[in-house]
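Chemist: predicted model and sequence below, questions to follow.
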Amino acid sequence: NAGVTQTPKFRVLKTGQSMTLLCAQDMNHEYMYWYRQDPGMGLRLIHYSVGEGTTAKGEVPDGYNVSRLKKQNFLLGLESAAPSQTSVYFCASSGTSGMGEQYFGPGTRLTVT
Amino acid sequence: DAKTTQPTSMDCAEGRAANLPCNHSTISGNEYVYWYRQIHSQGPQYIIHGLKNNETNEMASLIITEDRKSSTLILPHATLRDTAVYYCIVRVPWTGTASKLTFGTGTRLQVTL
């Protein structure tokens, strides 16, 4: 199993450009999450999904959109990138069995200039 | 979710036990204690969780005080690869929507030769 994978690993954008980050998991998990991590800080939840076709806002959703068209994929979009969105983005997934432990991807390092 | 307090940083000699404390004095009866760690530039990794009994797995042991107001994560024989930021998180596993995690700033554990 690959677990949780993220593409791309690195990206540099100019202010106003758009992009989509892709998260894929092969564990048949129902729940998926997008977090961001800024230097010296813990992770903050952006959006999450409780199943295919559903999404919900986390604590810092502004400036981002998400889609979960397939159970194994969770996309995070930036329509008009801003320097404040420079961060490392982590995707995670969790199943409906167990105690909700989450499995994280390796991260995408995004720089907006 | 209950608030947690952890020391900012700790050092441990390689081969010795690393004991990472966490205070969660406002924990509710149905909240569990979870531990994750984040090795530099990687995604967080689930370590262990518990409710009130002590728990042990292949990675670590979790000791929860009888009043559940604090806990200690124990890495029995720390190695250089255990150098990471360790997060203590207190939460109800399932809220009916998703098992969201709230990360603080954690404890930076430095294992030295």
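Modeler: In hand now; what should we look at?
Chemist: shouldn't residue B:42 be in contact with residue A:107?
Modeler: Yes: counting by C-beta atoms under 8 Å, residue A:107 is a contact partner of residue B:42 at 7.1 Å. Using the backbone N, CA and C atoms, a C-beta is placed for each residue, glycine as well.
Chemist: look at the two and report which has more neighbours.
Modeler: residue A:107 (22 against 14; other C-beta atoms under 10 Å in any protein chain shown).
Chemist: mind checking pLDDT for the more buried one?
Modeler: Note on residue A:107: pLDDT of 97.
Chemist: what about it, distance to chain B?
Modeler: Distance from residue A:107 to chain B, counting by C-beta to the nearest C-beta, to the nearest Å: 6 Å.
Chemist: what does chain A put close to chain B?
Modeler: Contacts of chain A with chain B, taken as C-beta under 8 Å from any C-beta of the partner chain, map to A:4, A:31, A:33, A:35, A:40-45, A:48-50, A:56, A:58, A:88, A:90, A:92, A:94, A:99-107.
Chemist: among those residues, which lie within strands?
Modeler: Judged by DSSP state E, those include A:4, A:31, A:33, A:35, A:43-45, A:48-50, A:56, A:88, A:90, A:92, A:94, A:103-104 as members of strands.
Chemist: narrow the residues of chain A next to chain B to those that are buried.
Modeler: Neighbour counting by 16 or more other C-beta atoms under 10 Å in any protein chain shown classes A:4, A:31, A:33, A:35, A:42-45, A:48-50, A:58, A:88, A:90, A:92, A:94, A:100-105, A:107 among the residues of chain A next to chain B as buried.
Chemist: ok, which residues in chain B are in contact with chain A?
Modeler: Neighbours of chain A within chain B, by C-beta under 8 Å from any C-beta: B:32, B:34, B:41-46, B:49, B:87, B:93-94, B:97-106.
Chemist: could you pull up the contacting residues of residue 59?
Modeler: I went with chain A, as the question did not name one. Contact analysis of residue A:59 by C-beta atoms under 8 Å, 6 or more residues apart in numbering or on different chains lists A:44-46.
Chemist: my question was about chain B
Modeler: Shown in contact with residue B:59 (C-beta under 8 Å, 6+ apart): B:47-48, B:75.
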